[in-house]
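Student: Need a 3D model of the sequence below.
(2 chains)
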Amino acid sequence: DQQVKQNSPSLSVQEGRISILNCDYTNSMFDYFLWYKKYPAEGPTFLISISSIKDKNEDGRFTVFLNKSAKHLSLHIVPSQPGDSAVYFCAASDNQGGKLIFGQGTELSVKP
Amino acid sequence: DAGVIQSPRHEVTEMGQEVTLRCKPISGHDYLFWYRQTMMRGLELLIYFNNNVPIDDSGMPEDRFSAKMPNASFSTLKIQPSEPRDSAVYFCASSLRHRGINYGYTFGSGTRLTVV
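Tutor: Here you go, the predicted structure:
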């Protein structure tokens, strides 16, 4: 059973426009959410996170929104840049056992 | 720190052979995780350790898979016998838990396994 789902395998955006990546989860015990970015032939790297006590966290061009009632979070990148082209993974944790559960990933392509 | 180090980067083996993947976590980290990346399931957690002790191995697909962590600086994931459907990229990650929160969750560069 996939507890964290990213239903869009790919997304294509024009440079300068906003990229919105979505993620849904099923486990109401999750209280910490993260986004990771992955380039080919590299391991995922941490991008931004949010605790369940917040509904928004911003870091430069990246903002994560959390809607607990809908069990949904999203990552906004604005403005998008060609260097943002990568696979983005959503992850969740209940911080009880320490493990992260990841979604399937969304491949973002930002075109010049 | 050099980060999480995995070896080999690439492994090509024949079906039925034993495969061993290796991981060196970041020094001082007390959690170690093994993940497998597939198109269908994304990053799938296989097993994780806390202070060298396996905590949850429910993600290990079959008895052909086993993992060990003999000390704080080394872990192995073994597949015996290997099958073509095991072909994937395997990642190791480590983190430090402090006051109930895991910090510094860092991934290695992965091992791309191809079983022919």
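Student: Mind giving me the packing neighbours of the lengthiest strand in chain B?
Tutor: Identified as the longest strand of chain B according to DSSP state E is strand B:88-98. If you count contacts as 3 or more Cβ pairs under 8 Å, 6 or more residues apart in numbering or on different chains; DSSP states H and E, strand B:88-98 packs onto strand B:5-7, strand B:19-24, strand B:31-38, strand B:74-79, strand B:101-107, strand B:111-115. Placement of C-beta: from N, CA and C, glycine included.
Student: Indicate which one of the ones you listed is closest to chain A.
Tutor: For these, the distance to chain A is smallest for strand B:101-107, at 3.3 Å, taking Cβ to the nearest Cβ.
Student: In CSV, please show the C-alpha coordinates belonging to the helix or strand of chain B with the lowest mean pLDDT.
Tutor: Within chain B, no helix or strand scores below strand B:101-107, which has a mean of 79 by mean pLDDT, DSSP states H and E. Taking C-alpha atoms only, strand B:101-107 is exported to CSV below (Å, rounded to 0.1, in the frame of the first residue of the first chain):
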residue,chain,number,x,y,z
ILE,B,101,13.7,14.2,15.3
ASN,B,102,15.9,12.8,12.6
TYR,B,103,18.4,15.3,11.2
GLY,B,104,20.7,15.3,8.3
TYR,B,105,19.0,12.6,6.4
THR,B,106,21.7,12.1,3.7
PHE,B,107,21.7,9.7,0.7
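Student: Show me the shaky parts of chain B.
Tutor: B:1, B:99-100 (pLDDT under 70).
Student: residues from it in reach of chain A?
Tutor: Counting by Cβ under 8 Å from any Cβ of the partner chain, chain B comes close to chain A at B:4, B:31, B:33, B:35, B:39-45, B:48, B:50, B:55-56, B:91, B:93, B:95, B:97, B:100-102, B:105-110.
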